[in-house]
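Any chance you can model this:
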Amino acid sequence: SEQMDTFASGASQIAEAVLRATGLRTVFHHHCAGYIETESEIAQLLARTDPSVLGLVFDTGHFAFGAGSCQGIVAALNRFADRIWYMHFKDCDPIVLMKSQAAGWDYFTSLRNGIFCELGQGCVDFAAVKAWLERHNYDGYGTVEQDLLPGMGTPKQSALRNRQYLRTLGL
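Numbers count the residues shown, from 1 in each chain. Modelled structure (predicted):
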């Protein structure tokens, strides 16, 4: 579509300018409630941009929310393997996801209802994600992204539990 062409062109211009000015490559973060949310939208953006200039931050939780399920994560990792330069480890609560779909909640309502739970508490198969990273000799960065809104818990304790969970996987 014309809108996707315009969006991809803008993303490319930014990535090229950053590369020229700093020598750093740019990664695009697909995100719920953004213009690039679903697997199809990710594919369209990547097809319209230079793979030597713009990569992808693959976000496990946002992918699950955008897909409506955790089932396709490894397949999407395979599909976008050459463009994944950065990983976001984020889990998705399948019960909240089902409620969100049934009630037609938008992203922000889903967020307020705890759609993104601590690692290992949701439907993302992080052992499979780790195995995929190892098979592909991934040596890039990974970030745990945990959304805690006021009243949803204690960020430091949540971060410690997420770190401990990753250690159980050998990460």
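
So for the most centrally placed residue in the chain, what's the nearest residue that isn't a sequence neighbour?
Residue closest to the mean C-alpha point of the chain, counted by Cα atoms, centre = their mean, is Asp59 at 1.1 Å. Of all residues not flanking Asp59 in the chain, His88 sits nearest, at 3.9 Å (Cβ to Cβ, 6 or more residues apart in numbering). Glycine gets a C-beta too; all of them are placed from N, C-alpha and C.

hey, C-alpha coordinates of the longest helix anywhere in the chain in CSV?
In the chain, assigned by DSSP state H, the helix with the most residues is helix 2-22. What follows is helix 2-22, C-alpha atoms only, in CSV (Å, rounded to 0.1, in the frame of the first residue of the first chain):
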residue,chain,number,x,y,z
GLU,A,2,1.0,3.6,-0.4
GLN,A,3,1.0,4.2,3.3
MET,A,4,3.3,1.2,3.9
ASP,A,5,5.6,2.5,1.2
THR,A,6,5.7,5.9,2.9
PHE,A,7,6.3,4.4,6.3
ALA,A,8,9.1,2.1,5.0
SER,A,9,10.7,5.0,3.1
GLY,A,10,10.8,7.1,6.3
ALA,A,11,12.2,4.2,8.4
SER,A,12,14.9,3.7,5.7
GLN,A,13,15.9,7.3,5.6
ILE,A,14,16.3,7.4,9.4
ALA,A,15,18.3,4.2,9.4
GLU,A,16,20.6,5.4,6.6
ALA,A,17,21.1,8.7,8.4
VAL,A,18,22.0,7.0,11.6
LEU,A,19,24.4,4.6,9.9
ARG,A,20,26.1,7.5,8.1
ALA,A,21,26.4,9.7,11.2
THR,A,22,27.3,7.0,13.7
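
and the helix or strand following it, what other elements does it pack with?
Using DSSP states H and E, the helix or strand that follows helix 2-22 towards the C-terminus is strand 26-29. Judged by 3 or more Cβ pairs under 8 Å, 6 or more residues apart in numbering; DSSP states H and E, the packing partners of strand 26-29 are helix 2-22, strand 54-59, strand 84-89.

Thanks again, I'm all set now.
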